[in-house]
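1. the following block contains a protein sequence and its predicted model.
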Amino acid sequence: MSDTGPDDLKRLGARLDDAQQRLAPRKTEPPPTQSGIAFRFSTELVAALVVGGAMGWGLDWLFGYFGIHTKPWLMIAFVVLGMVAGIRNVMHAAKEINAQVAAQGPAPAARDDEES
Amino acid sequence: MAMHPMEQFEVKPLIEHPLFQIGGHDIYFTNQSLFMVIVVAVASLFFTLAMSGKRMVPSRTQSMAEVSYEFVANMIHSAAGDDGLKFFPFIFTTFVFVLFCNVFGMVPWSFTVTSQIAITFAMTAFIISMVIVVGFAKHGLGFLKLFVPEAPIYLLILLVPIEIISFFTRLVSLSVRLFANMLAGHTMLAVFAGFVVMLGAAGGILSILSVGPMLMIIAIMLLELLVAGLQAYVFAILTCIYLNEALHLHDHH
């Protein structure tokens, strides 16, 4: 028993590495639920609009402070840009979720025991 | 019995006298501040006491602390790589603070700190400013390349503002996600609790029916516990992802 010790340890190490590799991908991403996806898309859209509007308003204020009157125009332009950015964010998020689903696809066994 | 579902989110000063003033605004010690102090104290105490034994074979509390350490370390490693681990103390603190706030909010008569947009927005603003500072410190002006996608030069006039807006969108989406989840869950719990009281007071057959919403509360409570953990995780992993972008700058398209 004592002279097979190091060998045993090596084999145990290999098995541990194996098990860790098998389990590793599961803890990287939480599986997106449908309501989670819906909530994410809607916040992305609205958030971009709000941020764009706020940035335009801030820039208008800044220019006004230095005596350049752009008052409503930058805000209008940035709200439109915000809409564009929101749609871009949603497409980006959709791509991300698709990649997550695709990554989970080939291992149905791993998913099953997580669901139960 | 005047019970309002939103009453639980009311911030009120616990000490009548303001503690001090900042720029003409009175700063009070509110129930919110009290719960933040409790959360920080309990979390620090838990981790200090759990690790005080430093045993080779961990006790139950010690292994809880160790598991949370490993969980966060793995998360940072997978999302932000090796140099992300430098930010371990920050991300671990954020994760533990959000998690403990969420879980403490589940205790009846307590106050959910993370259901206040002021708190989540302040945390997110700090995180995003840190990401910007780290990006500039690591890459200098090269950090600005993050906002310049590959496109013909005449399109950049449109694309750069869009990229900048979508970068700052995180400020809103990260804070609103945590705040809205906590607010919605706790409001739902309060609404169902209101049903129990109303049905119970109605008398006769309706009183028996009040068991229904009661069971519903138990189910939602369990769901909320899951949401509390999940949202803390989401908050922490998104922090890692944003840090990763500042550290490595590469293709996020």
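-> The structure has been received and is ready for your questions. Numbering: from 1, shown residues only, chains lettered A, B, ... in the order given.

2. so where's the longest helix in chain A?
-> Across chain A, the longest stretch assigned as helix under DSSP state H is helix A:71-104.

3. who does it touch, helix- and strand-wise?
-> In terms of contacts (3 or more CB pairs under 8 Å, 6 or more residues apart in numbering or on different chains; DSSP states H and E), helix A:71-104 is packed against helix A:34-65, helix B:153-202. In short, each C-beta sits where N, CA and C put it, glycine included.

4. the first one: which residues count as buried?
-> Within helix A:34-65, the residues scored as buried using 16 or more other CB atoms under 10 Å in any protein chain shown are A:36, A:39-41, A:43-57, A:59-60.

5. does that helix come close to chain B?
-> Yes: legend: contact between helix A:34-65 and chain B by CB under 8 Å from any CB of the partner chain is shown at A:39-40, A:43-44, A:46-48, A:50-52, A:55.

6. nearest to residue B:218, of these?
-> Set against residue B:218, the nearest of the residues of helix A:34-65 next to chain B by CB to CB is residue A:39 (24.1 Å).

7. same list (the helices and strands packed on helix A:71-104) but as TSV, adding mean pLDDT and distance to residue A:12.
-> Output for those, formatted as TSV (pLDDT from 0 to 100; distance: least, CB to CB, whole Å):
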stretch	mean pLDDT	distance to residue A:12
helix A:34-65	90	39
helix B:153-202	89	42
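
8. right, and those - which one's nearest residue B:17?
-> Closest to residue B:17 of the helices and strands packed on helix A:71-104, according to CB to CB: helix B:153-202, at 29.4 Å.

9. in the chain, where is pLDDT below threshold?
-> You didn't pick a chain, so chain A it is. A:1-5, A:23-31, A:105-116 (pLDDT under 70).

10. looking at chain B here, not the other one
-> Judged by pLDDT under 70, the stretches of chain B that qualify are B:1-3, B:250-253.

11. what comes up buried for the longest helix of chain A?
-> Neighbour-count burial for helix A:71-104 [16+ other CB under 10 Å]: A:74-75, A:77-79, A:81-86, A:88-90, A:93, A:97, A:104.

12. try stretch B:75-89
-> Neighbour-count burial for stretch B:75-89 flags B:75-76, B:78-80, B:84, B:87-88 (criterion: 16+ other CB under 10 Å).
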